[in-house]
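> The following block contains a protein sequence and its predicted model.
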Amino acid sequence: MTPATPSSSSSQARPRILTGDTPTGTLHLGHWVGSVKRRVELQSTHECYFLIANMHAFTTRAEQAGDIRRDSMEIVRDYLAMGIDPTQSAIFLQSEVPAIAELTFLFAMLLPFNRVMRNPTLKDEIKIKALGETYSFGFPLYAVGQTADILAFRPVGVPVGEDQVPHLEMTREVARRFNQIFCGVSEHAEDADHVRLGGTFPVPRADVGAVGRLVGTDGVNKMSKSLNNAIFIADSPKEVQKKMGKIFTGRQSPTEPGDINNALFQYVDAFITDPARVAELKDRYARGDNLGDGHVKQEVAEALNKMLEPMRERRRLYEGNDAAIIDILRDGCQRANRVAEETLAMAKDAAKLGYFSRRLTLD
Ligand code: TRP
């Protein structure tokens, strides 16, 4: 497969963005609504890099290496199914971009240990996953690693969910500190001026999507694989119908005035595409005009299946075809390495670590 490069890594013809996912399982409608849909839109106007954070998955699942590998491959299938175009966007593995690991080591020197441990996302994870005092050294290190994932690409923005904002804040601190101590950028410089003033790294902003959260089929919690309330991109039409049918609203009869802010109507808003029909459903539901939950669920399920069908079809092209996925990853890693190696060379020069140049090749 010939690598398709939209523009040379240094020309920055299109603004560059980077984002990623930790491989924890296949993707669901929450991922689509909260983030992947936006990426699909961005890929025609931006130079996009989508990272599979497979090293980060080892922070809590080192003894499940086989599962991490499987989940990494499945995420690529879901990306492709949802419309990420590998000839436009680079889909790549964190573990195959050595500059990320090297920058992690360097950036770890720029962050006070206590600063890392105060990161609210890390603290939440320790609580939610009940990691106690037994987590690996690599667990807090992953937050430093995430600053390297991002800065290796010198992106203008990072499309992420709300929960990732603390990581972005730390990334911005690393960029500022690096530029100040190695590139002579003043402490008083505005974030937007760092590169113009000679800084190696832009100070990237978090680009938090409008719809950050989709409620799960339990009608209460955020959609999540581990809560068993998710509709997956790869679910069959029957499964979609069955899961939609489970959404609990508490409404008793089709003539009872309904609450159009309930879980079911979040799905109506997110997935029924005709605004006039949405308005009509809301009006009749709110008035209790003989519109049953079952009917609304059926209509949402049909809309969902209509949206998912082309995704299922694209996914089918890659099912059982690991070789095609590996080809896409190799191409993505090649393109990612081109940028990340360039960044690393710049950073090493700035930090007086530039002794030789080097070339990285993948087989
Ligand atoms: N921590 C992110 C998550 O769990 C995944 C991730 C890793 C990421 N590196 C990144 C996201 C860089 C954005 C940018 O979802």
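Received it, and whenever you're ready, just let me know what you need.

> Would you map the helices across the stretch 51-200 of the chain?
For the stretch 51-200 of the chain, the helices defined by DSSP state H, counting those that start in this stretch occupy 54-61, 65-82, 98-108, 113-117, 120-128, 138-151, 165-183.

> what domains does the record give for the protein?
In the domain annotation for the chain, the residue ranges read 8-213+320-350, 237-315 (automatic domain parsing).

> Next, the distance between the ends of the last one.
Meaning domain 237-315. End-to-end distance for domain 237-315: 14 Å, by C-alpha to C-alpha, to the nearest Å.

> Find out how far that domain is from the centre of the chain, if you would.
Counting by C-alpha atoms, centre = their mean, to the nearest Å, domain 237-315 is centred 27 Å from the centre of its parent chain.

> tell me the average confidence for that domain?
Domain 237-315 carries an average pLDDT of 96.

> quick one: which of the domains of the chain is nearest the ligand?
Nearest of the domains of the chain to the ligand, taken as C-beta to the nearest ligand atom: domain 8-213+320-350 at 3.6 Å. (Glycine included, C-beta is placed from N, CA and C.)

> is the ligand contacted by that closest one?
Yes: using C-beta under 6 Å from any ligand atom, domain 8-213+320-350 reaches the ligand at 18-22, 51, 53, 56, 146, 149-150, 158, 160, 164.

> Now rank those residues by neighbours and give me the top one.
Ile150 (31 neighbours; other C-beta atoms under 10 Å).

> That residue and Phe356, how far apart?
Per C-beta to C-beta, to the nearest Å, Ile150 is found 26 Å from Phe356.

> ditto for Gly258
69 Å.

> Between the two, which is the more surrounded one?
The neighbour count for Gly258 versus Phe356, taken as other C-beta under 10 Å, is higher for Gly258 (27 against 6).

> Go ahead and confirm Thr74 touches Thr26.
No, residue 74 isn't Thr; it's Glu. Yes: with contact defined as C-beta atoms under 8 Å, Glu74 reaches Thr26; the gap is 4.9 Å.

> So Glu342 belongs to a helix, correct?
Yes: using DSSP: H, G, I helix; E, B strand; the rest coil, the assignment for Glu342 is a helix.

> Surely Leu80 touches Pro86?
Yes: with contact taken as C-beta under 8 Å, Leu80 and Pro86 are classed as touching, separated by 6.9 Å.

> joint contacts of these two?
Residues touching both Leu80 and Pro86 by C-beta atoms under 8 Å, 6 or more residues apart in numbering: Ile328.

> got the residue ranges for the strands in this protein?
16-21, 47-52, 90-93, 157-160, 205-208 (DSSP state E).

> partners of the second one in the sheet?
Using DSSP bridges, the strands paired with strand 47-52 in its sheet are strand 16-21 (parallel), strand 90-93 (parallel).

> Which among those strands is found nearest to Leu227?
Checking the strands paired with strand 47-52 against Leu227 by C-beta to C-beta gives strand 16-21 as the closest, at 17.7 Å.

> ok so, going back, for the strands paired with strand 47-52, which one sits closest to Asp349?
Between the strands paired with strand 47-52, strand 16-21 lies closest to Asp349; by C-beta to C-beta that is 20.2 Å.

> For that closest one, what does the pLDDT average out to?
96.

> just the angle between that strand and helix 54-61, please?
Interaxial angle, strand 16-21 versus helix 54-61 (axes from the mean of the first three to the mean of the last three C-alpha atoms, to 10 degrees): 30 degrees.

> Distance from the chain centre to strand 16-21, please.
7 Å.

> can you pull the alpha-carbon coordinates of that strand into PDB?
The C-alpha trace of strand 16-21 is given here as PDB (Å, rounded to 0.1, in the frame of the first residue of the first chain):
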ATOM      1  CA  ARG A  16      -3.200  19.500  12.300                       C
ATOM      2  CA  ILE A  17      -5.200  17.700  15.000                       C
ATOM      3  CA  LEU A  18      -4.500  14.700  17.100                       C
ATOM      4  CA  THR A  19      -6.700  12.600  19.300                       C
ATOM      5  CA  GLY A  20      -7.000   9.000  20.500                       C
ATOM      6  CA  ASP A  21      -8.700   6.200  22.300                       C
END
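
> you'd agree Gln43 is up against Ile91?
No: contact criterion C-beta under 8 Å: Gln43 and Ile91 do not qualify, at 10.8 Å.

> Residues that sit against both of the two, list them.
Joint contacts of Gln43 and Ile91 (C-beta under 8 Å, 6+ apart) are Ile84.

> More neighbours: those two, which one.
Ile91 (25 against 20).

> how about the nearest residue to that one, chain neighbours excluded?
Sequence neighbours aside, Gly332 is the residue nearest to Ile91 in space, at 4.3 Å (criterion: C-beta to C-beta, 6 or more residues apart in numbering).

> out of the domains of the chain, deepest packed?
Of all the domains of the chain, domain 8-213+320-350 has the most neighbours on average by mean count of other C-beta atoms under 10 Å, namely a mean of 18.

> Now do the contacts for Val278.
Shown in contact with Val278 (C-beta under 8 Å, 6+ apart): Val268, Asp269, Ile272.

> just Ala301 next, same as before
Here Ala301 is in contact with Val240, Gln241, Met244, Gly245 (criterion: C-beta under 8 Å, 6+ apart).
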